[in-house]
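Q: Can you look at this prediction? I've put the sequence above it.
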Amino acid sequence: MAAKKDIKNGSASKTVSEKKKKAATSSKTARREKTEDADTVRYRAIDDPYSLINQILPFVFFVFSIFFFLIIIMNHGASGIGVAAASLKNILLGLLSGSAYAIPLTLLNLGALWLVDAQRHRLKWRLWCTLIAVLIIAALFQIIGGDGVVYNLKALYDSGRVYKGGGVIGGLIGSLFLQLFGKGLSLVLLFSTLFVAVLLMFGLTPHVVYSFFFYRAKKRVGEMRNKRKKPASKPHLSRITQLDDGRAELGAVASTSAGVITNTESRPVRRAKFNPDVDVGEDKDDEVERDIIDKKIFDEVMRRTIERYGRQVFPGEIEGGNDKADGAYKYGSDASGDIENLRIGAAEARVDKIAKGELDLSKIFVNPESIELLKKARSGEDNNSSETLRVEKTPLSEQQLQQDAEIPEPVPVYKFPPLSLLAEPPRRTAADIEELEENARKLVETLASFNVHTRIADVSRGPTITRYELTPESGTRVRSISNLVDDISLNLATQGVRIESPIPGKAAVGIEVPNKVREFAYLRELLEDREFREAKSRLTVALGYDVAGDPVYCDIAKMPHLLIAGATGMGKSVCINSMIVSLIYKSTPQEVRLILVDPKKVELNIYNGMPHLHVPVISDPNKAAGTLAWAVKEMERRYELIESVGVRNIQNYNEITYGDPEKEFIPQMVIIIDELADLMMTAPDDVEGSICRIAQMGRAAGIHLIIGTQRPSVDVVTGLIKANIPSRIAFTMASQVDSRTIIDIAGAEKLIGRGDMLYTPVGALKPIRVQGAFVSEVEVEEVIEFLKGVYPTPLYDDGAIDGIEEAAERCVQGKKGRGAKGADDDDSIFDDPMLDAAIELAVESGKISTSLIQRRLSLGYGRAAKLIDRMEALGYVSPPDGQRPRDVLITRQQYLEMKMRGGDAY
C-alpha cells in the first residue's frame, strides 16, 4: 500500500510539473507571438507607402535639415537666433567642428531617399553609412587641421567651437588613427572608407562605378578603332561574291528609300566594283582594263531585282531568326541584327567551301560560264593566257546577269510591334485600408461564432481578389473552416468567396474575397515587365496577376500542352487572344509558327494574314481533323530529322545545325483550337486520336497544343485527352462536375467571371487563382494591321496547305466508309476477338452451326449467331438452308494463306 501511495504521489508531482512546464511554454509562445505581431505590424506600416509614417517622416527630415543649416550658419548676436539655438550650435561645433555642416546634407539625403525608395528596409544601412561618413569627416578635420594627438576633451571642445580640429568626437577618432597609423596612412584609410560610405549611402557600389567608367572607356576606344579601320578585301572572294556585295549596297539604298528599316551596322557595306577572283595579268606592251562589266546593265538589273524582291539572299539561305539570341527583343525594333548575323555566318562558310572546292557550284550559279570561270580561277591556271583574258574581257550580257540574279523571294525583316498599340492601363486606385480591416475583423468574428478561433497572419491584395491568410489555433480542423464558405459569404455580403486550405508552403488558411472596386489586368503592363522581356523562351506568354498582385507568366514549351475551359463570356477567348499577342511580341515568324482552328468562324479570323500563321485560319471541321492528322505526320518528320543528327529535341537540333545551309531550321509550332466540342461532334475518332498522339510525343518535336472548350463534359474532354494534357486553366464553370472534369477539384464554379481563372501548371499540387490579362479586339486589330504592313504577303506554307487538304479528304472518305459499313452490320462484330476461333472451328469441322459455336466456344446464342452472319458476309460459309448446318466454302489451306497475306482473315 505504501508503495502504491508513493507511486501515486510521484505521478501527481510529475503531472503538476508537466502542467507548469506547459504553462511556461504557452506563456513564452504567447509573448513571442505578441512580439512577432508587433514586428509584423511595424514592418507592414513601414512597407505601406500610404501609411502615416511614410507620408510625414520625409518632410520632417527636410524641415530639420533646413533648421540645422540655419543654426550653423547664423551667429547669436547678429542674427538673433536665440539662446537655445546658439547653445545647440556650440554643442554641434564642439562635438564635430566643421563636419557639423554635413548634418543638414545628410538629413536632406535621408528625406529624399525615404520619399523615393519603396523598399524601406534598406534605409537602415544607408543611415549607418551616413553616420560613418560624418564621423570620418570629423576625424579628417582633426588629422588635417588639428593639433596632432590630443585626448583632452575640453581642449578638443574649445578648438572645435572655433572651427579648429575635429571637435570632441572627430578629435578622439583622429587622434587614435594618428597614434596607430601615422598621418599618411590614416589619410589613405579614412578617404577610402569615406568614398565607399558615400557610394553606399546613395545606393551604389565601387564595382558599379568601375563598370560604368570601364564601359565608357572601352566604348570610346572601340569607336576610335572603327574610325581608323579600313575594309579589307579577301583575296579568295569569288566573282559572284563580289557581285553580292554590290547587291547588298544597292539593296540597302533601295530599302532605305522605300522606308524599310534594315540593320546597316551589322555588316560593312563595301563599294566594290566587279573584280575577278584571279588577278588579270598585264601585258608588257598593253594595259588590260579591269572594269569588264557594263555598270549601267548591272545597275538596271539590280534595280529591277530589288524592286521585285526587296533585298537579296543566296538560294537556300536560312532566313530564320537567330535561335541563339538569349536577350529580349526591343519592342518596335526589327530583328535584322539576328537575321543578318545568321546570313553572314552562312555566307562566310559558303565562301570557305568555294575556296576549298567542297561546294557544288551548280547549286549557287545558274550560268555555266560563271562556274567555268571560277573553276579556272581556283585551279591556278595561267592568268596571262589569251584564253583567260578573252573570257575575262568579255562583259556579261544582261540575260546572263539576270540568270545569276534570279533568286527566291526573301522574307522581310521582322519588326516587333510597338507597345503603344496596346491600351495603356489607367492609374491604379489605392487600397482601401478600412475595407481590408473591416473584412478581416468580420472573418475572425464569423469564425469565432462557430468556435473556430483564428488570427490574421497576412493580407495579399490583387486586382480583383484579396486573400486573407488566417492561422487557426492548434487543434482546429481545417475542414471546419472550409465548410463555412457560405456563412462567410453571407457575413461579408459578397459572392465568389473561395477558401484555400491550406495555402501551399504556409501553415495558414487562405480566404479569397472579391474586391469592391475591381481592376483589369492589362496586357501591356505584363509585356512591359522585366520578367517577360528577359525570358529566354520564345514561347513565354502572359497570363495575368495572382491574388498577391504579382505577374504570372507561363512557358508553353514546359507545359507542354494546355487545356482551357469555361462558360460563355467568362474570358476564355480573351485569354487565347492574350496568348497569341504575347507570342507576337516575344518571337519572330521564323521562330514560332501558329496554326489556328476556329470552328465558330468568328473568333480567330482576325488573325488571317498574320506572318506567324503557318496556314490560314481553319474553320471547316473536316479540315480541322485533317490539320491534326497533318500535324501528326509533321511530328514524325521532325523526329526523323532529330534522329538523323543524334539529339533528343529540336532545341539541340537547331544548336547543332546552326549556320549549316544544308540543314533545315525547325521552328516551334503551336496549334490553338478554340472549340473542341464541335470537332468531337464532327469527327470524334480522328480528332481524339490525333490530339492524343501529339500530346504524347509533340514536346520533343516542338509541337504544342492549346485546346479550348465551353463544354467540359466527359464526352468532349475524354480520359485520354485529359491524361495527356497536364496543364489546365478553368474559368467560371456551370457546376462542380465541370470543375472536377478540368482541374480535378471543385471551386471553378465559385469564380466571379471576367477573366477570373484557376491555373494549374504541370506539376502543381493545387491551382493558382489568376486574374487574366485583358486585350481588346481593337488592340488586336491594330497589332495585326501593323504586322501586315511589315509583311504584305502572308508567309503560308503551301506544302502544309496541300497536306491538310489531302488529310481532310482521307478523313471524309473514312467517315463515309465507316458509315456504309455500319448500316449493314454491327460495328462491334468487326472487333469480336472470337471471330478467328469461329473460322478455325468451321474449317476444321467442315460444317458450322450456331449450336456448335455455342458448345465449343462457350458463347451465348446471340453472339454465336452474329459470328455466323459475319462469316457469311465474308464468304466463308454458305447461306442458311433450313435447320441444316452451313457448308464451309474455304479449305484450311486457303484460310492459312489468307492469314499469312493479311495478318487477319477478315
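A: That came through fine. Computed from a prediction, not measured in an experiment: that's the story for all the values here.

Q: and L852, how far is that from A873?
A: 19 Å (Cβ to Cβ, to the nearest Å). C-beta here means a position set from N, CA and C on the backbone, and glycine is covered the same way.

Q: quick one, which of the two is more surrounded?
A: Using other Cβ atoms under 10 Å, the more surrounded residue of L852 and A873 is L852, with 18 against 13.

Q: any idea which helix or strand carries the more buried one?
A: helix 850-857 (DSSP states H and E).

Q: other SSEs contacting that helix?
A: Using 3 or more Cβ pairs under 8 Å, 6 or more residues apart in numbering; DSSP states H and E as the contact test, the elements touching helix 850-857 are helix 835-845, helix 861-874.

Q: Just the buried positions in the shortest one, please.
A: Taking 16 or more other Cβ atoms under 10 Å as the neighbour-count basis, helix 835-845 is seen to contain the buried residues L835, A838, I839, L841, A842, V843.

Q: Same check on stretch 100-109?
A: Buried residues in stretch 100-109, counted by 16+ other Cβ under 10 Å: A100, Y101, A102, I103, P104, T106, L107, L108, N109.

Q: before we move on, what about stretch 436-446?
A: Buried, per 16+ other Cβ under 10 Å, within stretch 436-446: L436, N439, A440, K442, L443, V444, T446.

Q: Dump the C-alpha coordinates for that stretch into CSV.
A: The C-alpha atoms that make up stretch 436-446 are tabulated as CSV, following Å, rounded to 0.1, in the frame of the first residue of the first chain:
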residue,chain,number,x,y,z
LEU,A,436,-9.4,45.4,-45.6
GLU,A,437,-9.6,45.9,-41.8
GLU,A,438,-13.4,45.6,-41.8
ASN,A,439,-13.3,42.3,-43.8
ALA,A,440,-10.5,40.9,-41.6
ARG,A,441,-12.5,41.7,-38.5
LYS,A,442,-15.7,40.1,-39.9
LEU,A,443,-13.8,37.0,-40.9
VAL,A,444,-12.3,36.5,-37.4
GLU,A,445,-15.7,37.2,-35.7
THR,A,446,-17.6,34.9,-38.1
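
Q: residues in contact with that stretch?
A: Here stretch 436-446 makes contact (Cβ atoms under 8 Å, 6 or more residues apart in numbering) with 454-456, 459, 461, 466, 468, 470, 484, 487-488, 491-492, 511, 513.

Q: what is the mean pLDDT for it?
A: Mean per-residue pLDDT for stretch 436-446: 88.

Q: And stretch 787-799, by the same measure?
A: 88.

Q: One more: stretch 740-750?
A: In the prediction, stretch 740-750 has an average pLDDT of 87.

Q: Endpoints of it, how far apart?
A: Counting by Cα to Cα, to the nearest Å, you get 13 Å between the two ends of stretch 740-750.

Q: likewise stretch 495-506?
A: 25 Å.

Q: Please pull up the helix or strand immediately following whichever strand or helix holds A86.
A: Take DSSP H and E as the rule and A86 turns out to sit in helix 83-96. Next along the chain after helix 83-96, taking DSSP H and E as the criterion, comes helix 102-116.

Q: so what does the helix holding A86 touch, helix or strand wise?
A: With contacts defined as 3+ Cβ pairs under 8 Å, 6+ apart, the packing partners of helix 83-96 are helix 52-73, helix 76-79, helix 153-161, helix 167-201.

Q: so which of the ones you listed comes closest to G755?
A: helix 52-73 (32.0 Å; Cβ to Cβ).

Q: Give me the helices and strands touching that closest one, please.
A: helix 2-47, helix 83-96, helix 102-116.

Q: out of the contacts of stretch 436-446, which are inside strands?
A: T454, R455, I456, V459, R461, T466, Y468, L470, I511, V513 (DSSP state E).

Q: Tell me what the closest residue to the first one other than its chain neighbours is bridged to.
A: In other words, T454. Among residues not flanking T454 along the chain, L470 sits closest, at 4.2 Å (Cβ to Cβ, 6 or more residues apart in numbering). With DSSP bridges as the criterion, L470 is bridged to I456, V509.

Q: So which bits of stretch 490-501 are buried?
A: N491, L492, G496, V497, R498, I499, E500, S501.

Q: quick one: contacts for the closest residue to the fifth one other than its chain neighbours?
A: To tie it back to what came earlier, the one meant is R498. Leaving aside its chain neighbours, R498 sits nearest to E512 (4.5 Å; criterion: Cβ to Cβ, 6+ apart). Going by Cβ under 8 Å, 6+ apart, E512 touches I465, T466, R467, V497, R498, I499, E500, V547, R769.

Q: what about E512, distance to I499?
A: 7 Å.

Q: and if you look at L889?
A: Taking Cβ to Cβ, one finds L889 at 72 Å from I499.

Q: With respect to P621, which of the helices and strands packed on helix 850-857 lies nearest?
A: So among the helices and strands packed on helix 850-857, helix 861-874 is nearest, using Cβ to Cβ, at 31.9 Å.

Q: is it possible to export the buried residues of stretch 436-446 to CSV including distance to C575 and secondary structure?
A: Output for the buried residues of stretch 436-446, formatted as CSV (distance: Cβ to Cβ, whole Å; DSSP: H, G, I helix; E, B strand; the rest coil):
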residue, distance to C575, secondary structure
L436, 28, helix
N439, 28, helix
A440, 31, helix
K442, 33, helix
L443, 31, helix
V444, 35, helix
T446, 34, helix
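
Q: can you list the residues you listed in JSON lines and add distance to R863?
A: Formatted as JSON lines, the buried residues of stretch 436-446 follow (distance: Cβ to Cβ, whole Å):
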{"residue": "L436", "distance to R863": "69"}
{"residue": "N439", "distance to R863": "66"}
{"residue": "A440", "distance to R863": "68"}
{"residue": "K442", "distance to R863": "66"}
{"residue": "L443", "distance to R863": "64"}
{"residue": "V444", "distance to R863": "67"}
{"residue": "T446", "distance to R863": "63"}
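
Q: Pick the one among those closest to S159.
A: L436 (57.6 Å).

Q: one step back: so which of the buried residues of stretch 490-501 are in strands?
A: Using DSSP E, these in strands are R498, I499, E500.
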